[in-house]
Each structure stands twice: as C-alpha cells, then as structure tokens.
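Student: could you work out the structure for the sequence below:
(2 chains)
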Amino acid sequence: MSPPSVGVQGVPAANRPAPRRSRGRLFDVLLNLPGGLITSTLILFTLALLLYLSLRVNDGQLLGSAFTFANLTQAVADPLTRTVLLRSIMLSAIVTVVTVVLAYPVAYFLAFHAGKYRHGLLFMISLPFWTSYLLRVFAWKIVLAWNGVLNSTLMGLGLTDAPLAGLLNTPTAVVITLAHAYAAFAVLPLYICLHGLARNLLEAAADLGAKPHQCFFKVILPLSMPGVMAAALVVFVPTVGDYVTPALVGGPASSMIGTLIQAQFGKANDWTAGAALAVVSMLAIAVVVLATRALVNRWVLPR
Amino acid sequence: MKMRTTATRSWVVGLAAFALNAALLQGALAADDGKLSYFTWSGYELPEFHPAFEAAHPKAVDITVFGDDDDALSKARAGFHPDLAHPCYDKIERWKQAGLIQPMDKSRLKNWDQIFPVLQKLPGIVDADGKVWMVPWDWGNTSVLYRTDLVKNPEASWKMLFDKQYAGRIATIDAVHDTPLVAALLAGVDPFSKMTPEQLDKVGAVLRQQRPLVTTYTTDMTSVEQSLASGELVAAMTWNASATALKKQNVPVAFMKPKEGMLTWVCGMVMLKDAKHVDLAYDFINARLAPESGEKLITEYGYGSASQAAFAKVPAAKLEELQLPNDPETMLKQTVLTKPIPSNDELAKLFERVKAGG
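Tutor: Numbering: from 1, shown residues only, chains lettered A, B, ... in the order given. The predicted model follows:
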C-alpha cells in the first residue's frame, strides 16, 4: 500500500506550458475512454435494460411486449416483497455492523501500530481472496455443519453433549459467512482513512490533556467516519442482493431478495417480475444508504 | 518531462490492452471449436455414459450441467444454445413452445428400437408422422429416503416430509416437478391438468405447512446424502441415486414406497433448433443409448435405462437389490408418472413465494 499518490490529472494546470493544453485534454479523453466504454456498456446499458424489462408485459418473449406499470405496482404492493426486502436489509445491516466493528481494530492496528509488519499483514488480509468465494462458503459449511468442525470441537471439549443443530441453514450462518467474506473490503477503506489522519492532531489532543480513550472517541473516531461510511457502503450494498450465500448456508428462514429475484429469472420464468423486484430493491437500498448518510452527517461528523 | 513520457507510454499500453481484450473476447464469442455441446443434469456428465463416442471422437464434447431443468430452460431461453440438452419429459412441451428444439430423424437413431415401447409411446415424444422430439434415456423415482434407525414405525406415506415431529430434520427437493407436485397429490389436486386458483391455494397451504419443518430446499444431493449419513436429517425427498449411494456406504436407509405413489420421471435428449454439430449429436445419442452405457447408469446410480438391451445386461439379483423392475411399465403401474404440468409457471411462482416466507 503506497500513500495516496497524486495522479497525472492532479498536476495543476498552471504548471503546464500553455500550448500543451489541448493535448492534455486529448490525453484525458483517451485515458477515460476504456473506463467510459465499460461504464456505458456494462453498467448503464444493463441498468437501462433492467428498467425497460420491468416495464414490459411478460408474454413469454425474451423482452416481453407492450408497456405496463403492473410489474412495479405489484412488486411494491405485494406484502412478500416487503417482508423479504426488510429481512434482507436487516440481515445486511447486521452483517455490516459486525464486519465494520471487527474490521476497525484491525485497520487501527495496521495504521498506528503495525510498523514494519504492515505490508506483510495487509498481504495476509488479502490472502483469502486468492481462493474462490464458493470455496470459502463451503469451508463455512464444513465448520458449521451438524457433524462439522465447530460441533466436534464443542463436544470434544465436553461443552455440549449433542451437536447443536441451529448452526448451519440459519440466518446466523449467513451473517457469519458474509461477515468473513467482506472483512477485507471493510479493512482497506478504514485503513486508508486512518493512515491518512494528520498525526499532529493526535499530538495536539494529547498535549491538551486528552486521555487515550478521549483522544480516540473525540478525535480519531469522528475523523475516520468517512472511512467507516465507505466500509459500510462497500459491505452493505452487495450483501443485500446476495443470493449465493443464503442458498448455500441459509435455509428457508434466510431467503433474501436476491434469492427471490434469481428465482423469477430462473425457475419461475417471469423476467419482468424479476426486473421489477430488482428495481424496487435498488430504490430501497438507495433510500437506506441516503438516510444513513444523512443521519451520520447530522449527528456524528464533527461540525 | 519524464513523467509525461511515462504517462504517455502507460496509456498507450492501456489502450492496446483494452483493444486486445476486446478482440480476444470477440474471437472467443465467434469461435467454433468443432465440439458437440451437451447440456445435462449434474451427475450425468460422466464419459462412461458414452464410451463409443469417446472412442470415435476423443475429447469432442463440451458438457455443461444444471441442477434443475426449469433453470436449464430459462438459460436456453436466454440465449445459451447447446447442440443437445437433457430435460425431463414433463418439460418437453415447454421446450417445443419456446421454439427451442427441432425433431430428430428416427432412421439415424441406431438404437431406437431398443427403447421400451411404453416410453416411445408417451404423448409428445414422437409425432404422428414419426418425427422424434425427445430420445428417452433414463427414468427413475422420486420418493422419501429415510433413516430406518431414526424413524420409528414409519407409515409409508409422503406425509413423513410434512410431519411436525421431524421438524428441522427434513430436506426436500427444490424443483417444481418434485416438491409442489407431491404437495398437489397430498392436497388431492390433479397436477397434470390446469389448476384453478382455488386448487393452487390448496397446494400452497400444504407447502406452507411444510416450510417451517425443512432445513433446506435444495438440489444439492451430495449435501443431503451427507446430512442423512450423519443423522442430521432423518428423512429427505431424493432420487434413486441417493438411496443407492447411501446403501453402498451401509447407512441404514430405506427408499419409501408411499401409498400415494412414488413419482416416476423420464428424461431424454432433445436437439436444439440451431444445433451446429448435428452429425456429432446423432453419434452421441447412439453412444449414450448403447447397452453398456445404460448398464452403467443402472449399476452406478440405480436409475432405469430407457434401453431394454441395457437391462438385459444387468443380473436380476442386482435389480432386486436396487428395487428396480426390469421394465418401466411394471413401475408405472404403482407410481405417478411426471407428465407435463400445465400450471407449471403458476406452481413455480407459488413455490418461490412459499420458500421466501409468503
């Protein structure tokens, strides 16, 4: 991890010789071309397609026929959508809190105390990402199974007499698996934020008589809130729509909105309904994220 | 100045890489490697099921697997077009209606006459003018597989999978033609004619009653087998292969003969409309219908082969052990054939609702 570098575009324009400006602009355009192409084809186009599909009548054709708002109104009016969406948001919120709370001390240690071990430790944190996500999920299946590692250990230590049944195929298993899977995504933005804090502020706080815990709660934590928010966002948004994890370790009580959307595109063969569900869930996620941000801005960030 | 040259170089490299990627991607999309592409149930990809094809055309088949043929149909509708696919008989009308498949020429199906007549005569398999829409390959049962040591005094009924005393120790199959079909049988609704909304409600009520009891709705039979072996599950809806596998491991299990009837399904190969490797496809079907292939299917998995000649190669004692009659006709006298389900889409939506808690 290098400290945030100043990009080429960050070179102040005044430093450049005047005649080169047009070339500079051309350079900017070319630099942004691949990213722009990918954004417009892979992201904007697919989003538009999703929106389009959500407004079509499902008559068995690939893209449906005629326009209607029925899919969207049905998706909103259906109590099942609300139940499942609420369940997904709650589960993801728990995952987010667990992940960020666990990641914060790691990032803190990396930023302030790791010293020469910092790079090695960062490497270790990225290590699980070298294997497939599915493999990590299956590893948790082995740990949490009825005759799995955890139950055998508990019984071996004499802590329990019979295997605990409520580990695998429960919402708890989903939270554990997701929190583990997204840990590194939370550590990195937190680490970058904490690493970038001006150290002289901490010294100033200490000089003014702040005890370590006061220094943490009054200086470090408020200043690192942007990092916390970034980490929370990175964990929350993808986990709401996750369907692989609930399908593999969740059981019926933890089916999430992603499961329902996937089923519409798969077994139920009703793509327009699935697209409408996806649109509704995107809106719900946006509302939750914006509301949380507003709350944090209002109450937590230093004024 | 140094910075500018480095930057120039890096964006040239970047752009070149992007162009190369785009070109490669296009190449990959357009490439035809001359291999047959086959889309089948997971577990059915083994080369032992088509040795003659492997000998004649080594490494000439690309196999993609699915866990449920409803998902397979969706994937095909979305543009995945293999040469051959292997759905089950209850889906054949939907593949036809979607305009995805073409009929086959009976004269090119070498082993057609060895296929059990009862399977050939299923409505929709062969047209009146002799065009073949599906080449039956396998048949088998869906039933309750339970631990004989953990279930005391079992009643031979599907109701075991709906019994509160086994709450949290039951699993069931996540496929429309299995769990909802059984729910319909228990609700006294005929699943093979169009259902009215009231009938669907009845089926839904049975499914809702089951949801809090099951640990998982799945098509991952390996996990189900492991959970039955460990004793985590006492009963699960499975296919014959799971019973065969667990008995081989000496787990005390029985594959129930429910009084409402086991489900018997028939699956087979269909040819996609835009199949590019028609000749290879016929060779492949002929190899899969060879007696040795069917023999492997019977002895390895405990499923029935569509080929009479395959049954002739399996000793009667082995069939006895597998609880497999040597003719699907005998089987069908006691079981419920999974025929096309007219309300499949409605039933699928209902099933998804119930699974999600609605």
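Student: can you give me the end-to-end distance of stretch B:215-227?
Tutor: Using C-alpha to C-alpha, to the nearest Å, the end-to-end distance of stretch B:215-227 comes to 11 Å.
Student: contacts for it, please.
Tutor: With C-beta atoms under 8 Å, 6 or more residues apart in numbering or on different chains as the contact definition, stretch B:215-227 has outside contacts at A:141, A:145-146, A:168-169, A:251-252, B:43, B:67-68, B:168-175, B:179, B:232-233, B:236, B:238-239, B:241-242, B:245-246, B:355. Using the backbone N, CA and C atoms, a C-beta is placed for each residue, glycine as well.
Student: just stretch A:232-240 next, same as before
Tutor: A:88-89, A:91-93, A:95-96, A:99-100, A:178, A:182, A:185-186, A:189, A:256-258, A:281, A:285, A:288-289, A:292.
Student: PyMOL command for the buried members of those?
Tutor: The following PyMOL line selects those of those that are buried, judged by 16 or more other C-beta atoms under 10 Å in any protein chain shown:
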select buried, chain A and resi 88+89+91+92+93+95+96+99+100+178+182+185+186+189+256+257+258+281+285+288+289+292
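Student: can you list the buried residues in the host helix or strand of B:Val203?
Tutor: For B:Val203, the enclosing helix or strand under DSSP states H and E is helix B:197-210. Within helix B:197-210, the residues scored as buried using 16+ other C-beta under 10 Å are B:199-200, B:202-204, B:206-207, B:210.
Student: may I have the beta-bridge partners of B:Val253?
Tutor: B:Arg147 (DSSP bridges).
Student: now B:Met269
Tutor: B:Val135.
Student: sorry, back to before: packing partners for the helix holding B:Val203?
Tutor: helix B:179-187, helix B:344-356 (3 or more C-beta pairs under 8 Å, 6 or more residues apart in numbering or on different chains; DSSP states H and E).
Student: repeat that with 10 Å
Tutor: Under the contact criterion of 3 or more C-beta pairs under 10 Å, 6 or more residues apart in numbering or on different chains; DSSP states H and E, helix B:197-210 touches strand B:170-173, helix B:179-187, helix B:344-356.
Student: how about the CA coordinates for that helix, as CSV?
Tutor: Output in CSV follows, covering the C-alpha atoms of helix B:197-210 (Å, rounded to 0.1, in the frame of the first residue of the first chain):
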residue,chain,number,x,y,z
PRO,B,197,-56.8,-20.5,-8.3
GLU,B,198,-58.6,-22.4,-5.5
GLN,B,199,-56.6,-25.6,-6.3
LEU,B,200,-53.4,-23.6,-6.3
ASP,B,201,-54.3,-22.2,-2.9
LYS,B,202,-54.8,-25.8,-1.6
VAL,B,203,-51.4,-26.8,-2.9
GLY,B,204,-49.9,-23.6,-1.3
ALA,B,205,-51.5,-24.5,2.0
VAL,B,206,-49.7,-27.9,2.1
LEU,B,207,-46.4,-26.3,1.0
ARG,B,208,-46.7,-23.6,3.7
GLN,B,209,-47.3,-26.3,6.3
GLN,B,210,-44.0,-27.9,5.3
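Student: helix B:179-187 and that helix, what's the angle between them?
Tutor: 100 degrees (axes from the mean of the first three to the mean of the last three C-alpha atoms, to 10 degrees).
Student: rewinding a little: can you flag which of the contacts of stretch A:232-240 belong to helices?
Tutor: Here DSSP state H is the test, and the contacts of stretch A:232-240 give A:88-89, A:91-93, A:95-96, A:99-100, A:178, A:185-186, A:189, A:257-258, A:281, A:285, A:288-289, A:292 as lying in helices.
Student: what subset of those residues is also close to chain B?
Tutor: Restricting those to those near chain B by C-beta under 10 Å from any C-beta of the partner chain leaves A:Ile257.
Student: what's in contact with the helix holding B:Val203?
Tutor: With contact meaning C-beta atoms under 10 Å, 6 or more residues apart in numbering or on different chains, helix B:197-210 is reached by A:252, B:158, B:161-164, B:170, B:172, B:179-191, B:193, B:195-196, B:217, B:343, B:346-347, B:349-351, B:353-355, B:357-358.
Student: mean confidence for the helix or strand just after it?
Tutor: From helix B:197-210 onward toward the C-terminus, using DSSP H and E, the following helix or strand is strand B:214-218. The average pLDDT within strand B:214-218 is 93.
Student: and the next helix or strand after strand B:214-218, which residues are buried?
Tutor: Next in sequence after strand B:214-218, counting helices and strands by DSSP H and E, comes helix B:221-230. Residues of helix B:221-230 classed as buried: B:221, B:223-229 (neighbour count, 16+ other C-beta under 10 Å).
Student: which bits of the stretch 101-250 of chain A sit near chain B?
Tutor: So the stretch 101-250 of chain A meets chain B at A:138, A:141, A:145-148, A:151, A:163, A:165-166, A:168-170, A:247-250 (C-beta under 10 Å from any C-beta).
Student: and stretch A:280-298, what's buried?
Tutor: Buried, per 16+ other C-beta under 10 Å, within stretch A:280-298: A:280-282, A:284-285, A:288-289, A:292.
Student: of all pairs in the residues you listed, which one is the farthest apart?
Tutor: A:Val280 and A:Thr292 (18.8 Å; C-beta to C-beta).
Student: hmm, back to that, could you tell me which of the contacts of stretch B:215-227 are located in strands?
Tutor: If you go by DSSP state E, the contacts of stretch B:215-227 have B:170-173, B:236, B:238-239 in strands.
Student: ChimeraX command for the buried members of the contacts of helix B:197-210?
Tutor: Buried residues among these (16+ other C-beta under 10 Å), as a ChimeraX selection:
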select /A:252 /B:158,161,162,163,170,172,179,180,181,182,183,184,185,186,187,189,191,195,217,343,346,347,349,350,351,353,354,355,357,358
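Student: which parts of the stretch 101-250 of chain B sit against chain A?
Tutor: Residues of the stretch 101-250 of chain B lying close to chain A (C-beta under 10 Å from any C-beta) are B:168-169, B:171-172, B:174-176, B:210-218, B:220, B:223, B:226-227, B:229-233.
Student: from the buried residues of helix B:221-230, which single one is nearest chain A?
Tutor: Nearest to chain A among the buried residues of helix B:221-230, counting by C-beta to the nearest C-beta, is B:Ser227 at 6.8 Å.
Student: give me the distance between A:Leu51 and A:Asp242.
Tutor: 22 Å (C-beta to C-beta, to the nearest Å).
Student: those two: which has the busier surroundings?
Tutor: Per other C-beta atoms under 10 Å in any protein chain shown, whichever of A:Leu51 and A:Asp242 has more neighbours is A:Asp242, with 23 against 15.
Student: please name the nearest non-neighbouring residue to that one.
Tutor: A:Gly258 (5.4 Å; C-beta to C-beta, 6 or more residues apart in numbering or on different chains).
Student: returning to what we had before: okay, angle between the helix holding B:Val203 and helix B:344-356 too, please.
Tutor: Put simply, helix B:197-210 runs at 30 degrees to helix B:344-356, going by the same axes, to 10 degrees.
Student: can you pull the phi/psi pair for B:Gln102?
Tutor: phi -120, psi 150 (degrees, to the nearest 10).
Student: beta partners for it?
Tutor: Under the criterion used (DSSP bridges), B:Gln102 bridges to B:Met271.
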